[in-house]
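Participant: sequence and predicted structure, then a few things I'm wondering about:
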There are 2 protein chains.
Amino acid sequence: MAGRREQLRTELLTSVRDAARAHLRQDGPGGLSLRAIARDVGISPAGLYRYYDGRDALLTMLITDGYLDLADHLFVAQGLDDEVSDLDRAHHVPHAMPPDADVVARLTATWRTYRSWSIEHPNEFHLLFGEPIQGYAAPAGGETVAANARMSMALMRPAVEAVEAGRLRVPRVTDPPASTSVLAEAITEVSESPTSLPLAALMLSCWSTLHGAVALELNGQFAWMAPGGAADLFEVTMRTVLDGLAVDTDDARRPVRDEAR
Amino acid sequence: MAGRREQLRTELLTSVRDAARAHLRQDGPGGLSLRAIARDVGISPAGLYRYYDGRDALLTMLITDGYLDLADHLFVAQGLDDEVSDLDRAHHVPHAMPPDADVVARLTATWRTYRSWSIEHPNEFHLLFGEPIQGYAAPAGGETVAANARMSMALMRPAVEAVEAGRLRVPRVTDPPASTSVLAEAITEVSESPTSLPLAALMLSCWSTLHGAVALELNGQFAWMAPGGAADLFEVTMRTVLDGLAVDTDDARRPVRDEAR
DNA sequence: CCCTTTCGTGAACACTGTTCGCAGAACATA
DNA sequence: TATGTTCTGCGAACAGTGTTCACGAAAGGG
């Protein structure tokens, strides 16, 4: 028995959310204007405070949504559609793989999706991974950190699986610093599968490379060396990394290729 | 024969620059306020326009300075003090190496400096590599791109030297996409030394890893797995990458270690 | 001394996020 | 149905932002 009030409230609530997302996409995190959003949904600036308690609340909502949306895309890319919330289920994911595809193929598909999502949603990427907004601090409640953890897991999982399947070599870590012992434990806890320090280090360096390649491309650092777009640069970077991690066979190194393509 | 006017002008000019830098360091790129700067140097907001033509001019100045400052630090880390402008010569660079140090040691020192500079100047890092400021576009003149190129060279050089010295393996690139042929040419032109496509790809992936590790740490993505600071995480990531690029000797893989430390 | 260039100012404009008090509509209870 | 309570929404106001403009004063050159 939804009262008329609740109905109007949820309608306006999502209407505000949509307007906020639209403005984020167009003008970036810095250009988010409460007054403009209020104008779009047809209420006064002050009226907005009945729905979202100021700019910070809107930001945490956008950040949470961003992490979850990215996580959904990553899950779809791996063929794990059942992990995805109903909202984004029909989303088109360019590199999506069937769930029984080759492990390495699912890995590369996930990485490609991390990039393509970021290229298609540059302002969301900046909101999630860029500089913290002036005067904004994530609430201690942890709405955003949970979403963040979900995204991290979606990103890490296929790499872990590729290692477990024996398709990726885990490099040794020489002289690991003392404080990094917590690292493996933390990742073990989150990923719910036992993680050694070298494996954790591998995850770290892979994520760093992936993230760095996307971030540098997005900020135009590759513009002067790839005028025609940096998609191929990403491809080369990814293959360079994966070839370096290819398992050694007896006679020769087998380059890592994604067989299902 | 510096007239009294010019003298006052240059004084106020640098005074404005210092104030702008101070505000950047404290409040970040978004929190840069022309009125606050004007207040600091003791002139009216409108008077600022006699020295810097609006916010954008101030931003290009700050960006240029940032790239050059980072480049200087990288050069000092490699022991190339003569490349450095007089202004920052006496700067303390924690990982600085003598110019005759081991190639790999100079490489790791450069990477560590890339990180430590970013950690110590987070807002400058965001200004240089973060989201583009709302409504700002780099001038076509190229003041910032020249500084950017200088920084790129300072960053790439030691890795190239390590390869030339035979201390780093250059992984093959399987099936390079067609458009990446320009890449090698572009890097050859900038670095003034012949660069093959695999070498260019190696530079790319190294820079991506380096940048990604720093960016992720700076945005707190590592906070939950390294409560005590991420310096050791960076160390592990760097060693993982470099060990993966260690040259193959006849009997065993020799891990890359920096001998002068 | 005069004329030109530079400098600095205060006022104004169109914005921003946020707070406050005051209306009116919707709801729950007597 | 009548009354009291809660929720909505609004206009005004405050302190802040970048930028433009016309105007007076100072400095420099002839």
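Facilitator: Looks like it came in fine.
Participant: buried residues, the one helix or strand A:Val76 maps to. List them.
Facilitator: Assigned by DSSP states H and E, A:Val76 belongs to helix A:54-77. Residues of helix A:54-77 classed as buried: A:55, A:58-77 (neighbour count, 16 or more other Cβ atoms under 10 Å in any protein chain shown). To be clear about C-beta, it is placed using only N, CA and C from the backbone, and glycine gets the same treatment.
Participant: could I get the contacting residues of the closest residue to DNA strand D within the stretch 51-200 of chain A?
Facilitator: As assessed by Cβ to the nearest atom of the strand, DNA strand D sits closest to A:Tyr51 within the stretch 51-200 of chain A, at 6.5 Å. Listed by Cβ atoms under 8 Å, 6 or more residues apart in numbering or on different chains, the contact partners of A:Tyr51 are A:9, A:12-13, A:16.
Participant: could you do A:Ala178 as well?
Facilitator: B:Asp232.
Participant: coming back round to it: report the mean confidence score over the helix holding A:Val76.
Facilitator: What helix A:54-77 shows for mean pLDDT is 95.
Participant: how about it against DNA strand C, any contact?
Facilitator: Yes. Using Cβ under 7 Å from any atom of the strand, helix A:54-77 reaches DNA strand C at A:54-56.
Participant: looking at chain A, which residue is nearest chain B?
Facilitator: A:Gly212 (2.6 Å; Cβ to the nearest Cβ).
Participant: give me the helices and strands touching the helix or strand that contains that residue, please.
Facilitator: For A:Gly212, the host element (DSSP H and E) is helix A:197-218. Packing partners of helix A:197-218 (3 or more Cβ pairs under 8 Å, 6 or more residues apart in numbering or on different chains; DSSP states H and E): helix A:103-120, helix A:122-129, helix A:143-164, helix A:181-191, helix A:231-244, helix B:197-218, helix B:231-244.
Participant: same thing but at 10 Å, please
Facilitator: helix A:103-120, helix A:122-129, helix A:143-164, helix A:181-191, helix A:231-244, helix B:122-129, helix B:197-218, helix B:231-244 (3 or more Cβ pairs under 10 Å, 6 or more residues apart in numbering or on different chains; DSSP states H and E).
Participant: the fourth one - contacts with which helices or strands?
Facilitator: Packed against helix A:181-191, as judged by 3+ Cβ pairs under 10 Å, 6+ apart, are the following elements: helix A:143-164, helix A:197-218, helix B:231-244.
Participant: the shortest one versus helix B:103-120: what angle between them?
Facilitator: Read that as helix B:231-244. Direction vectors for helix B:231-244 and helix B:103-120, defined by axes from the mean of the first three to the mean of the last three Cα atoms, to 10 degrees, enclose an angle of 150 degrees.
Participant: list the buried residues for the worst-scoring helix or strand of chain A on mean pLDDT?
Facilitator: When each helix and strand of chain A is scored by mean pLDDT, DSSP states H and E, helix A:181-191 comes last, with a mean of 79. By 16+ other Cβ under 10 Å, the buried positions in helix A:181-191 come out as A:183-184, A:186-187, A:190-191.
Participant: and the closest residue to DNA strand C within the stretch 101-250 of chain A, how far is that from A:Arg55?
Facilitator: DNA strand C sits closest to A:Gly135 of the stretch 101-250 of chain A, with a gap of 7.8 Å, by Cβ to the nearest atom of the strand. Applying Cβ to Cβ, to the nearest Å, the value for A:Gly135 to A:Arg55 is 9 Å.
Participant: next: A:Leu204.
Facilitator: 33 Å.
Participant: could you do A:Phe125 as well?
Facilitator: A:Phe125 is 20 Å from A:Arg55, by Cβ to Cβ.
Participant: likewise for A:Ala215?
Facilitator: Separation of A:Ala215 from A:Arg55 (Cβ to Cβ): 25 Å.
Participant: buried deepest among the helices and strands packed on helix A:197-218, which one?
Facilitator: helix B:197-218 (a mean of 24; mean count of other Cβ atoms under 10 Å in any protein chain shown).
Participant: that one versus helix B:122-129: what angle between them?
Facilitator: Using the same axes, to 10 degrees: helix B:197-218 against helix B:122-129 is 140 degrees.
Participant: residues in contact with stretch A:96-107?
Facilitator: Residues outside stretch A:96-107 that contact it (Cβ atoms under 10 Å, 6 or more residues apart in numbering or on different chains): A:73, A:75-82, A:95, A:108-110, A:113, A:157-168, A:206, A:238, A:242, A:246, A:256-261.
Participant: low pLDDT regions in chain A?
Facilitator: A:1-2, A:86-91, A:248-261 (pLDDT under 70).
Participant: near DNA strand D, which residues of it show up?
Facilitator: So chain A meets DNA strand D at A:5, A:8-9, A:12, A:42-47, A:50-51 (Cβ under 7 Å from any atom of the strand).
Participant: make sure A:Leu70 is actually in contact with A:Ser118.
Facilitator: Yes. With contact defined as Cβ atoms under 10 Å, A:Leu70 counts as touching A:Ser118 (8.2 Å).
Participant: which neighbours do those two have in common?
Facilitator: A:124-125, A:128-129.
Participant: which pair of these spans the longest distance?
Facilitator: By the measure Cβ to Cβ, A:Glu124 and A:Phe129 form the most distant pair in the shared contacts of A:Leu70 and A:Ser118, at 9.4 Å.
Participant: intersection of neighbour lists for those two?
Facilitator: Counting by Cβ under 10 Å, 6+ apart, the residues touching both A:Glu124 and A:Phe129 are A:66, A:70, A:118.
Participant: tabulate the buried residues of helix A:181-191 (TSV), appending distance to B:Pro176.
Facilitator: Output for the buried residues of helix A:181-191, formatted as TSV (distance: Cβ to Cβ, whole Å):
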residue	distance to B:Pro176
A:Leu183	35
A:Ala184	36
A:Ala186	38
A:Ile187	34
A:Val190	36
A:Ser191	34
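Participant: and which of those residues is nearest B:Ala230?
Facilitator: For the buried residues of helix A:181-191, the nearest to B:Ala230 is A:Leu183 (9.6 Å; Cβ to Cβ).
Participant: pretty sure the closest one contacts B:Val236?
Facilitator: Yes. The pair A:Leu183 / B:Val236 is scored as a contact, 7.8 Å apart, by Cβ under 10 Å.
Participant: between those two, which contacts overlap?
Facilitator: With Cβ under 10 Å, 6+ apart as the test, A:Leu183 and B:Val236 both reach A:176-177, A:197, A:200-201, A:204, B:230.
Participant: what's the farthest-apart pair in these?
Facilitator: Farthest pair in those (Cβ to Cβ) is A:Leu197 and B:Ala230. Separation: 15.0 Å.
Participant: what is the neighbour count of the closest residue in space to A:Val247 that isn't next to it in sequence?
Facilitator: The shortest distance from A:Val247 to any residue other than its chain neighbours is 5.0 Å, reached at A:Arg169 (Cβ to Cβ, 6 or more residues apart in numbering or on different chains). Per other Cβ atoms under 10 Å in any protein chain shown, the neighbour tally for A:Arg169 reads 16.
Participant: get me the contact residues on chain A for DNA strand C.
Facilitator: Residues of chain A lying near DNA strand C by Cβ under 7 Å from any atom of the strand: A:3-6, A:32-36, A:45-46, A:49, A:54-56.
Participant: ok, and the most crowded of those?
Facilitator: Going by other Cβ under 10 Å, A:Leu32 tops these with 21 neighbours.
Participant: could you look up the SS state of that one?
Facilitator: With DSSP: H, G, I helix; E, B strand; the rest coil as the basis, A:Leu32 sits in coil.
Participant: quick one: contacts for it?
Facilitator: Going by Cβ under 10 Å, 6+ apart, A:Leu32 touches A:20, A:23-24, A:26, A:55, A:58-59, A:62, A:123, A:127, A:133, B:134.
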